[in-house]
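Chemist: coordinates only, sequence not included:
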């Protein structure tokens, strides 16, 4: 019969052996999520002085979820939610059009860029409205952030881009 001390030694030995395997499975999703968390606060379009359009980032659910809220003329416009899904980062965009596209982090994004591509969508009838197809953040330096998104409507891609600065 193995004593409690022997069981503890075996358990610790097992953890020590498998720790490098567990650590090597980290593909950067957690670091990427932390980068999104670093956006916390309010942002506005570069070159604007009014508060008509504000994007805010905040964490919730014990820091496991990041909320991106768009306010336009003081009213909630849209909501985007970021969260980890094991070794991936998922984005769900709650669009004013009533659909909810989900995007998946592209692991091979450049160091200063986070790219997400279409995974699936709920509450969407093909070709009835547009839906978010891709989303990219690029850190430009000097406190500037480029947010690019592409919507898909009737098979046509509709890109847009914003340069954001902290409010």
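Modeler: Nice, thanks for sending it over. This one's a predicted model, so the numbers in the text were calculated from it and none came from an experiment. Numbering: from 1, shown residues only.
Chemist: buried sites along stretch 79-90?
Modeler: 80-83, 89-90 (16 or more other CB atoms under 10 Å). C-beta coordinates here come from the backbone N, C-alpha and C atoms, glycine included.
Chemist: find the nearest non-adjacent residue to residue 157, please.
Modeler: Closest residue in space to residue 157, ignoring its immediate chain neighbours: residue 150 at 5.2 Å, by CB to CB, 6 or more residues apart in numbering.
Chemist: to clarify, my last question referred to residue 94.
Modeler: Distances taken as CB to CB, 6+ apart place residue 79 nearest to residue 94, at 4.4 Å, with adjacent residues excluded.
Chemist: for that neighbour, give me the pLDDT.
Modeler: If you check residue 79, the pLDDT there is 96.
Chemist: quick check: it vs residue 53, distance?
Modeler: Residue 79 sits 15 Å away from residue 53, going by CB to CB, to the nearest Å.
Chemist: and for residue 129?
Modeler: Counting by CB to CB - residue 129 and residue 53 are separated by 22 Å.
Chemist: same thing with residue 42?
Modeler: On the measure of CB to CB, residue 42 and residue 53 end up 11 Å apart.
Chemist: the helices in this protein, which residues?
Modeler: Under the criterion DSSP state H, the chain contains helices at 4-24, 29-37.
Chemist: need the least confident one among the ones you listed, by mean pLDDT.
Modeler: helix 4-24 (a mean of 43).
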